[in-house]
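Student: got a predicted model here, sequence first, then my questions.
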Amino acid sequence: MPTTALIADDEEAPRAELLNALHTVWPELDVVDESVNGVDAWDAYLQHEPQVCFLDVRMPGLTGVEVAQRIGGRSHVIFVTAHGDHALAAFDAGAVDYVVKPISAERLEQAVQRVKARLAEPATEVGEFDLLDRLAGQVRRPDYLDIIEAGVGGEMTLVRIDDVVFFESEARYTRVVHDEGDALIRTPLKELLSQLDPAVFWQIHRSVIVNRRHIAAAERLADGNMVVTLHGRTEKLPVSRHFQGLFKAQ
């Protein structure tokens, strides 16, 4: 089976340039998706589970570094960055694979050969996660949501983000479950994800984002599935296979 890959870059010309270069240095590679922002890249990752991800460092919605943080050790990541980007020094220090725009076929070939050699191994060394955390702060320091305007009946209410227990997709809306009840917003879950602090809010299922401070335990079921229980609540939230690695210590 051919190796599968995802390309994510918000600029069309560099995205096409990378794709053409890959056709030359890795012709058997199967590019399953080309994403134009970080949110779509994460959604495409969940859909296709590619073995290799080429992620532009600076993208709207979620940066490439933030997408890599969410991917964790499930795929090999090669960052794509602009010449002169200050993140390059951190990449070199952390031995992270990257290529610089405009794409050099020789440099891409080196990165590709390293990835090919590691395809049979776990995708990401644990030591690299600290590097990604530091890079995330360098690449973008976003102002995360602190208040949500949500509908309750025919009225609007303000919900403090710290009071949110979990978000859940519900038809055309997103349900906001908080300390005092629940409410509905029109913001799709994948768009909402880019506005939340990933250190606090974990996506555990395509339809669920949970405030990790409210997690009591993660329970593995007999059929191999997993659910999360919450402090002081009766709900059991599903954890899809993609996200079970978040609870390795459970």
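Tutor: Okay, I see it.
Student: which residues sit against the helix or strand containing residue 34?
Tutor: According to DSSP states H and E, residue 34 maps onto strand 30-35. Identification of contacts with strand 30-35 by Cβ atoms under 8 Å, 6 or more residues apart in numbering yields 2-9, 15, 19, 22, 41, 43-44, 47-48, 50. Yep, even glycine has a C-beta here, placed from its N, CA and C like the rest.
Student: report the buried members of these.
Tutor: When the contacts of strand 30-35 are checked for burial by 16 or more other Cβ atoms under 10 Å, the buried set is 3-9, 15, 19, 22, 41, 43-44, 48, 50.
Student: so which of the residues you listed belong to helices?
Tutor: 15, 19, 22, 41, 43, 44, 48 (DSSP state H).
Student: may I ask which helix or strand of the chain has the lowest mean pLDDT?
Tutor: Every helix and strand of the chain was ranked by mean pLDDT, DSSP states H and E. The lowest is helix 87-94, at a mean of 60.
Student: against which helices or strands is the next helix or strand after that helix packed?
Tutor: The element immediately downstream of helix 87-94 (helix or strand, assigned by DSSP H and E) is strand 98-101. In terms of contacts (3 or more Cβ pairs under 8 Å, 6 or more residues apart in numbering; DSSP states H and E), strand 98-101 is packed against helix 12-25, strand 76-82, helix 87-94, helix 105-118.
Student: leaving out sequence neighbours, find the closest residue to residue 183.
Tutor: residue 150 (3.4 Å; Cβ to Cβ, 6 or more residues apart in numbering).
Student: any idea how far apart the tips of stretch 154-168 sit?
Tutor: By Cα to Cα, to the nearest Å, the extent of stretch 154-168 from end to end equals 20 Å.
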